[in-house]
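Asker: Sequence first, then the predicted structure, then my questions.
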Amino acid sequence: MPERGGESSGELGTSGKAPLHGCPPEWQAFQPDIMAVNVRIPTPLRKLTGDEELVQVQPGTITSAFDELQKRFPGIRERLLDEAGQVRRFVNVYVNEEDIRFLAHQDTPLKEGDEVSIIPAIAGG
């Protein structure tokens, strides 16, 4: 049975997102994509992402997120991972403000709504 908003419960709207029931149709565009993981791209890497600061990937792990980033933005993996496939020493990765080195490293699970921050270390003197 259709609910307010013209779409039945559990179905996806034309945007591919679950409808905001009881809201005017024009509000549907403002619904965040809660099915994704947000990855914050640091300024030095944005030339690879077409200047996108926030990129969305599917839930999984840090490894799967980096794989997805590489497929969409070729060359980004080399900036994040060393030859052994480990996060480079000068790159810090956080999931919801927690350093992955204190979680499960690259096996850290990512669920819907999580935020991954990639922070390059800054050296100076």
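Answerer: Great, that's in hand. As the structure is a computational prediction, the values presented were derived from the model and not from experiment.

Asker: Look at residue 124 and report its pLDDT.
Answerer: Listed pLDDT for residue 124 reads 67.

Asker: In this structure, where is pLDDT below threshold?
Answerer: Regions of the chain meeting the criterion pLDDT under 70 cover residues 1-34, 124-125.

Asker: In it, what residue spans correspond to helices?
Answerer: 62-72, 76-80 (DSSP state H).

Asker: Reformat those helices as CSV; add distance to residue 121.
Answerer: Backbone N, C-alpha and C define where each C-beta goes, glycine included. Shown next, in CSV, are these (distance: least, C-beta to C-beta, whole Å):
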stretch, distance to residue 121
helix 62-72, 17
helix 76-80, 13
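
Asker: Go through the ones you listed and name the closest to residue 56.
Answerer: helix 62-72 (9.5 Å; C-beta to C-beta).

Asker: nearest spatial neighbour of residue 123, skipping sequence neighbours?
Answerer: Excluding its sequence neighbours, the residue lying closest to residue 123 (C-beta to C-beta, 6 or more residues apart in numbering) is residue 90, at 7.7 Å.
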